[in-house]
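Undergrad: what shape does this take:
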Amino acid sequence: MTEAWIALDAAEKRKNWRAVAYFTAICVGVALAVVISERGASLWWMVSISFAWLISIVYIISRSYGRALLTPEGISFSGLLSRGRSIPWSDVIDIEKRHHTARSNQWWDLRLVRANGRPLTVPGAFTSNGYDPKFEAKYALLCQYWRRATS
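TA: Numbers count the residues shown, from 1 in each chain. Sure, this is the predicted structure:
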């Protein structure tokens, strides 16, 4: 079995960049509202909003550019801020689809459950659709590599 990558395609990355733009617009709107309504304490609010924005944007962008290399021996993760973490298939005891809900939004991602109990989210594998054929294909490919390596 050859190597395969799990990553977002160009359309999924564009969708993620739209999320960055929406989130930035919301943060700018909140910051402007604070500046207009607060006369003296607006600097503290601006620093807080900017810090929250920066952390969120780094997370969103790294989620978009993270990817995983599947090999017969294991899985290697690479991302915007991290490089070269490898997990052998023998350390993986389960692969799960996780469903998350926050206010009016929901999304799914894939996680590797390891023998030591610490799960790892697979970069490049998430969706906000109830059924996404690309996401399901990534899940099937990940399970296929894991089953072949552990059987």
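Undergrad: could I get the full set of helices for the protein?
TA: For the chain, applying DSSP state H gives helices covering 10-37, 42-65, 133-150.
Undergrad: do you know which of those lies nearest Leu110?
TA: When the helices of the chain are ranked by distance to Leu110, counting by C-beta to C-beta, first place goes to helix 133-150 at 5.9 Å. Using the backbone N, CA and C atoms, a C-beta is placed for each residue, glycine as well.
Undergrad: who are the contact partners of the residue sitting nearest the centre point of the chain?
TA: Residue closest to the mean C-alpha point of the chain, counted by C-alpha atoms, centre = their mean, is Arg63 at 3.6 Å. Arg63 makes contact with 16, 123, 126, according to C-beta atoms under 8 Å, 6 or more residues apart in numbering.
Undergrad: just these now: which is nearest Ala7?
TA: Pro123 (7.8 Å).
Undergrad: low-confidence regions, this structure specifically.
TA: Scanning the chain for pLDDT under 70 picks out 39-41.
Undergrad: hang on, the earlier thing: among the contacts of Arg63, which one has the most neighbours?
TA: Pro123 (24 neighbours; other C-beta atoms under 10 Å).
Undergrad: and the gap between that one and Leu70?
TA: Distance, Pro123 to Leu70, using C-beta to C-beta, to the nearest Å: 12 Å.
Undergrad: shared neighbours, these two?
TA: Ile6.
Undergrad: check contacts around Thr121.
TA: When contacts are counted by C-beta under 8 Å, 6+ apart, Thr121 touches 109-111.
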